[in-house]
Each structure stands twice: as C-alpha cells, then as structure tokens.
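**Q** kindly generate the corresponding structure for this input.
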Amino acid sequence: MRRDDGANHIEGTLSASGKSFGIVASRFNDFIVKSMLEGSLEAVRRHGGDVGSVDVAWVPGSYEIPLAARQMALTGRYDAVICLGAVIRGSTAHFEYVANGAAGGISAVALETGVPTIFGVITTETIEQAIERAGTKMGNKGFEAAVSAIEMADLMPRIKSGGGTA
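**A** Just a heads-up that it's a prediction; the model follows:
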C-alpha cells in the first residue's frame, strides 16, 4: 500500500479466515488462563476464523510454554502460535526465572522458526491484577494476543511476496 510518503507500507489485516492457530496454555494458574483462552477463541471467531482450526496444547506451567510452542511451530500446520500463561509474583525469586524464561523462550521460537509466536503470558504482582487482565477492567490479554496473531499471520506472507495481497 502506497502512502503519502512514497514508501510501500506492508500491513497485515485482521482476518482469521482460512488460517490455523496453535495455542499453548499453562495449567498453572488455569483459573486465569482459561479466561484468556476463551478470549483468544472469541477473537478468532470475531475475526472470521474457524475455532475448529485451533489446536490447544496444555503444558504444566509458563516455563514449559516455549518448548511446546516450538514443536507446534515446527509442524508447519499453524499460521501463528499463541502462548497463554499467568505468572503471579510470590515472595521468592522464582517469579523472575519463570517470567524471563517464558519471555525469552517464546521470542526465540518466533525468531528460530519464522512462525509468529505471540507472547500472551501475563506477569503480575497480585492475583487481582491477573484477574483484571483476564477479562475484567483491563480487557482480556488472551483476546489481545489472538488479535496480534491474526495480524501477524496475515503479514508474514505479505512480506514474503513483496507487499502484495497474500
């Protein structure tokens, strides 16, 4: 798409139609993650996608998300992988290790595989903050992660084709 600046701008659309998504969800703090998963599935539905083309892999905790996300990405079956988890700070340094491991691992999967791998792991100080981010006054971060996945799944082939319609 040409804009006034003369450059060719390449953007993804928010259409999930015809696309398949993998979701990796953490069972730890699943009372939060289940709401985020519902949000992700709702985003796919609202943007024209078929929820039947979404596979959900459950892992023990957020630290395990990157490995499952990598396996999903390497199958070639998914246009994007959405990673959902909730890491809530406790009184030890464990929070830092889990949050950093999940973030770095998810980023590495995207860079290694070229498959959009979306960071939908919330990191909060309290359970109340997590609840707020899973569907109350702060929105649903699972929904937001899926919207990012939809856009990135559309953008990547557009980049490969030089900006034309994918």
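**Q** quick one: low-confidence residue ranges for this protein.
**A** Applying pLDDT under 70 to the chain flags residues 1-3, 164-166.
**Q** which residues of it fall in strands?
**A** Along the chain, the segments classed as strands by DSSP state E run 21-26, 54-59, 80-88, 117-124.
**Q** right, and the ones you listed - which one's nearest residue 13?
**A** strand 80-88 (13.5 Å; C-beta to C-beta). The way it works is simple: take the backbone N, C-alpha and C, and place the C-beta from them, glycine included.
**Q** helices or strands up against that closest one?
**A** strand 21-26, helix 30-46, helix 65-75, helix 94-113, strand 117-124, helix 127-133, helix 141-160 (3 or more C-beta pairs under 8 Å, 6 or more residues apart in numbering; DSSP states H and E).
**Q** direction included, what does it pair against?
**A** strand 21-26 (parallel), strand 117-124 (parallel) (DSSP bridges).
**Q** ok so, going back, distance to residue 15 and mean neighbour count for the strands of the chain - can I get that in TSV?
**A** Below are those laid out as TSV (distance: least, C-beta to C-beta, whole Å; neighbours: other C-beta atoms under 10 Å):
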stretch	distance to residue 15	mean neighbour count
strand 21-26	13	27
strand 54-59	15	16
strand 80-88	13	28
strand 117-124	17	24
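**Q** need those strands in TSV (columns: distance to residue 48).
**A** Below are the strands of the chain laid out as TSV (distance: least, C-beta to C-beta, whole Å):
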stretch	distance to residue 48
strand 21-26	13
strand 54-59	13
strand 80-88	15
strand 117-124	18
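**Q** out of those strands, which gets nearest to residue 158?
**A** So among those, strand 80-88 is nearest, using C-beta to C-beta, at 13.8 Å.
**Q** now the closest one and helix 141-160, what's the angle there?
**A** With axes from the mean of the first three to the mean of the last three C-alpha atoms, to 10 degrees defining the directions, strand 80-88 sits at 150 degrees from helix 141-160.
**Q** contact partners for residue 161?
**A** Not one residue lies near residue 161 by C-beta atoms under 8 Å, 6 or more residues apart in numbering.
**Q** need the phi and psi values for it.
**A** Per-residue torsions, residue 161: phi -90, psi 0 (degrees, to the nearest 10).
**Q** re the thing from before, the helices and strands packed on strand 80-88: which one's closest to residue 9?
**A** Nearest of the helices and strands packed on strand 80-88 (C-beta to C-beta): helix 141-160, 10.4 Å.
**Q** returning to what we had before: of all the strands paired with strand 80-88, which one is nearest residue 60?
**A** Set against residue 60 and scored by C-beta to C-beta, the strands paired with strand 80-88 come closest in strand 21-26, at 7.3 Å.
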